[in-house]
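Undergrad: Fold the following, please.
(one chain, ligands or ions: 1)
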Amino acid sequence: MKKAQIVTDKYFKIASTDPRLFGSFIEHLGRAVYEGIYQPGQLTADGDGFRDDVLGLVREMNVPLVRYPGGNFVSGYNWEDGVGPKELRPARLELAWGVTEDNSFGLNEFVQWCTKAASEPMMAINLGTRGAAEAKDIVEYCNHAGGTQLSDLRRSHGFAEPHNIKLWCLGNEMDGRWQIGHKTASEYARVACESAKLMKWVDPSIELVACGSSSRGMPTFGEWEATVLDECYNDVDYISLHTYYGNHSGNTREFLANSLEFDDYIKSVISVCDYIKGKKHAKKRINLSFDEWNVWYHSHGAPFEKWSKHPHQLEDVYNFEDALLVGSMLIALLNNADRVKIACLAQLVNVIAPIMTSDTGAWRQTIFYPLMHASNLGRGIVLKNIIIDSPKYDAGKYTDVPVLDCAVIWNDEKESVTIFAVNKDLEEDLEVDCDLRQFDGFTIKSHIVLENDDLKAVNTETAANVIPHNGGVSSLDSGILTAKLNRHSWNVIKLTK
Ligand code: AHR
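TA: You can find the predicted model right below:
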């Protein structure tokens with residue numbers, strides 16, 4: 001069996017994981033909201049119309065943060081359309097996705113849903129067709145206690161207490177020509193800066209995410225981040241990153257290697273943030289919000305009826321290899337926890353999502369499991385790890401790809417160490433050693449494995465073909481962990497005292 005070694009040290013700390021690293025995203029798109037989280041009359045729907053089967057799965061994944069309401073949708077959205085009596089809410093042409101939006105679900109329903117899901121809302125504002133005035137208004141409506149027209153409007157809608165939404169996105173993917181109200185970097189930087197100023201004047205406790213590039217492949221990547229941060233450095237707290245991968249050429253080895261590019265993308269954005277920090281002699285550091293990341297390609301080009309209401313859109317059915325890449329991307333997020341504070345798997349339900357629904361049930365897609373494991377077991381201090389002697393491969397545009405990806409999390413309070421590891425080798429198992437003698441008295445609690453002989457295996461409403469088991473083979477001998485990582489597998493090894 002091939003071998004590799006992980007070297008780690010409890011004094012070499014990267015950072016504590018920010019719980020918001022395990023966030024997700026709900027957009028008014030396809031069946032994410034309607035028939036996803038909200039479906040009055042559905043078998044499991046509660047009095048508010050929220051599907052309890054979906055809420056149960058969201059809680060199982062332990063999603064601490066959900067971004068809303070878009071995505072591309074937000075750049076043409078009037079938040080006022082979605083508040084107040086439902087019978088008065090207007091139906092609108094929704095230009096981003098070519099559908100009709102009836103606004104029967106809006107901001108207040110989302111905040112209520114978040115409470116039930118044990119999640120915090122991350123609210124995006126429209127900087128496509130709107131600007132600073134409306135940005136100020138929505139913060140006042142949500143977060144001001146009362147005594148002004150907008151805060152009293154919220155109260156009249158049945159919400160006496162302010163929502164106190166802490167995290168806000170200043171628009172979405174404003175560098176993309178597909179975006180309603182697309183802007184150049186300087187156009188965006190000005191409106192983002194003025195909006196940020198007014199929003200923080202209304203509520204100084206909020207945190208703001210400026211739009212970075214909509215992917216690393218954009219022609220303006222780098223320059224966009226630099227221009228935006230040069231203008232907004234003092235007014236914002238985070239810059240966003242978005243990326244989606246697909247196995248377009250049917251080359252799984254190349255597909256799985258995308259986690260290297262993902263890691264490199266993070267490091268490039270950190271460089272730009274720190275370039276502006278240096279240029280400005282700033283003490284403040286801008287951190288990263290990877291607020292859209294996932295695999296997305298299975299559903300591309302799927303037809304739908306134009307101007308219909310919540311048609312099936314972007315309903316990727318994820319296979320086992322997708323879960324492996326999602327696992328490797330989570331490992332990269334964890335290993336960059338000193339700078340990536342927020343991340344949202346895009347999206348949460350039905351639309352490129354870990355959870356799918358029909359009228360009769362809800363089920364876990366393959367990619368559900370890595371996020372569930374990371375969110376439940378990945379909280380703590382991420383320790384630096386160096387992988388020694390991992391076998392490597394070349395595939396497509398990548399060379400020297402280590403087959404082993406790994407993150408090590410130490411939770412001092414819970415007295416646990418968790419190792420997340422992916423073996424990308426499609427043919428061979430890998431034996432991994434790790435010296436854990438610093439964790440005196442710890443023993444192996446579990447070794448969870450997600451594996452499948454068929455890389456293309458999927459889960460459906462009636463067949464859960466890809467599910468984790470707790471039968472991984474590892475041993476601890478005088479503090480030295482030896483773990484067998486089966487070929488193409490996601491592994492979660494937990495040790496406790
Ligand atoms: O998540 C789907 C879409 O991908 C979002 O609306 C947009 O922001 C991105 O391009």
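
Undergrad: use CA for all of it now, contacts and neighbours both
TA: Fine.

Undergrad: Next one: Val209 from Leu241, what distance?
TA: Distance from Val209 to Leu241, counting by CA to CA, to the nearest Å: 10 Å.

Undergrad: got it, and Ala374?
TA: From Ala374 to Leu241 the distance is 20 Å (CA to CA).

Undergrad: More neighbours: which of the two?
TA: Leu241 (25 against 22; other CA atoms under 10 Å).

Undergrad: So what would you say the end-to-end distance of stretch 309-325 is?
TA: 32 Å.

Undergrad: now swap in stretch 443-463 and tell me
TA: End-to-end for stretch 443-463, by CA to CA: 35 Å.

Undergrad: just to revisit the earlier point, now do the shared contacts for Val209 and Leu241.
TA: Ser289 (CA atoms under 8 Å, 6 or more residues apart in numbering).

Undergrad: pLDDT averaged over stretch 167-186, what's the number?
TA: Across stretch 167-186, the average pLDDT comes to 98.

Undergrad: Now that stretch: buried residues?
TA: Neighbour-count burial for stretch 167-186, counted by 16 or more other CA atoms under 10 Å, picks out 167-176, 179-183, 185.

Undergrad: Run through the residues that contact Val422.
TA: For Val422, counting by CA under 8 Å, 6+ apart, the contacting residues are Leu324, Gly327, Ser328, Val403, Leu404, Asp405, Cys406, Leu485, His488, Ser489, Trp490, Asn491.

Undergrad: For the helix or strand that the third one is a member of, name the packing helices and strands.
TA: Applying DSSP states H and E as the criterion places Ser328 in helix 320-335. Judged by 3 or more CA pairs under 8 Å, 6 or more residues apart in numbering; DSSP states H and E, the packing partners of helix 320-335 are helix 252-256, helix 258-279, strand 287-295, helix 368-377, strand 381-388, strand 404-411, strand 416-423, strand 489-496.

Undergrad: after it, next one along is what?
TA: Next element after helix 320-335 (DSSP H and E): strand 340-346.

Undergrad: what residue lies at the spatial centre of this protein?
TA: Cys344 (1.5 Å; CA atoms, centre = their mean).

Undergrad: got the residues of the stretch 301-450 of the chain near the ligand?
TA: Ala346 (CA under 6 Å from any ligand atom).

Undergrad: Closest residue of the stretch 301-450 of the chain to the ligand?
TA: Here the stretch 301-450 of the chain gets closest to the ligand at one residue, Ala346, 5.5 Å apart by CA to the nearest ligand atom.

Undergrad: How confident was the prediction at that residue?
TA: The model's pLDDT for Ala346 equals 98.

Undergrad: do the same with Ala302
TA: On the pLDDT scale, Ala302 gets 89.

Undergrad: wait, isn't it in contact with Pro311?
TA: No - contact between Ala302 and Pro311 fails when scored by CA atoms under 8 Å: they sit 10.8 Å apart.

Undergrad: Compare neighbour counts for those two and give me the winner.
TA: Under the criterion of other CA under 10 Å, the comparison of Ala302 against Pro311 puts Pro311 first, with 19 against 11.

Undergrad: Let me know the secondary structure of the more buried one.
TA: Judged by DSSP: H, G, I helix; E, B strand; the rest coil, the three-state class of Pro311 is coil.

Undergrad: check contacts around it.
TA: Gly30, Arg31, Val99, Phe304, Glu305.

Undergrad: count of neighbours near the first one?
TA: Right, Gly30. 23.

Undergrad: Next, it: phi, psi?
TA: Backbone torsions of Gly30, given as degrees, to the nearest 10, read phi 50, psi -130.

Undergrad: how far away is it from the ligand?
TA: The gap separating Gly30 from the ligand is 10 Å, by CA to the nearest ligand atom, to the nearest Å.

Undergrad: how about that residue, what does it touch?
TA: His310, Pro311, His312, Gln313, Leu314, Asn350, Val351.
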